[in-house]
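In: Following is a predicted model, sequence given first.
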Amino acid sequence: MSSAEQQPEALDVVVGADGSGVIDASQLARLGLPPGSHLSVVPGKATAPEHPRRQLRGALAGDSSPSWEDFEAASEQATGDVEARYRDGGAWDLSR
């Protein structure tokens with residue numbers, strides 16, 4: 001059995017509403033564990049990572065979501081950009 005002290009990095013566990021935990025298979029593979037492995041979760045003190053983050057997945061997990069008005073404004077802007085791209089004479093007009 002391996003302990004937390006033997007593992008250089010933490011695992012990200014997603015706990016569902018029913019209490020079940022899910023760990024991404026790529027995280028298990030880095031530790032040499034096959035998918036379906038049974039692990040014990042032991043509460044411990046969180047420590048800062050020794051190395052800077054190399055990927056962005058989960059980077060915004062603690063940040064607040066945009067307001068509905070901000071989301072709507074960004075959505076309308078994106079829709080306008082797509083419509084402009086595909087309209088007659090737009091960047092994707094193949095008849096030019």
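Out: Alright, I've got the coordinates.
In: Which residue ranges of this protein form helices?
Out: Secondary structure of the chain (DSSP state H): helices located at 25-30, 68-86.
In: would you turn those into a markdown table with mean pLDDT, distance to Leu56 and mean neighbour count?
Out: In short, each C-beta sits where N, CA and C put it, glycine included. Formatted as a markdown table, the helices of the chain follow (pLDDT from 0 to 100; distance: least, CB to CB, whole Å; neighbours: other CB atoms under 10 Å):
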| stretch | mean pLDDT | distance to Leu56 | mean neighbour count |
| --- | --- | --- | --- |
| helix 25-30 | 80 | 15 | 12 |
| helix 68-86 | 88 | 18 | 10 |
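In: Can you redo those as TSV, where the extra columns are distance to Arg57?
Out: Shown next, in TSV, are the helices of the chain (distance: least, CB to CB, whole Å):
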stretch	distance to Arg57
helix 25-30	10
helix 68-86	21
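In: for the ones you listed, which one sits closest to Asp12?
Out: helix 25-30 (6.6 Å; CB to CB).
In: Quick check, central residue of the chain?
Out: By CA atoms, centre = their mean, the chain has its centre lying nearest to Arg57, at 3.3 Å.
In: And that residue, what's its pLDDT?
Out: Per-residue confidence (pLDDT) for Arg57: 73.
In: Pop the domain breakdown of the chain in here.
Out: 1-43, 64-96 (automatic domain parsing).
In: With distance to Pro52 as extra columns, can I get those domains in a markdown table?
Out: Output for the domains of the chain, formatted as a markdown table (distance: least, CB to CB, whole Å):
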| stretch | distance to Pro52 |
| --- | --- |
| domain 1-43 | 13 |
| domain 64-96 | 23 |
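In: of those domains, which approaches Glu50 most closely?
Out: Proximity to Glu50 (CB to CB) singles out domain 1-43 among the domains of the chain, at 7.6 Å.
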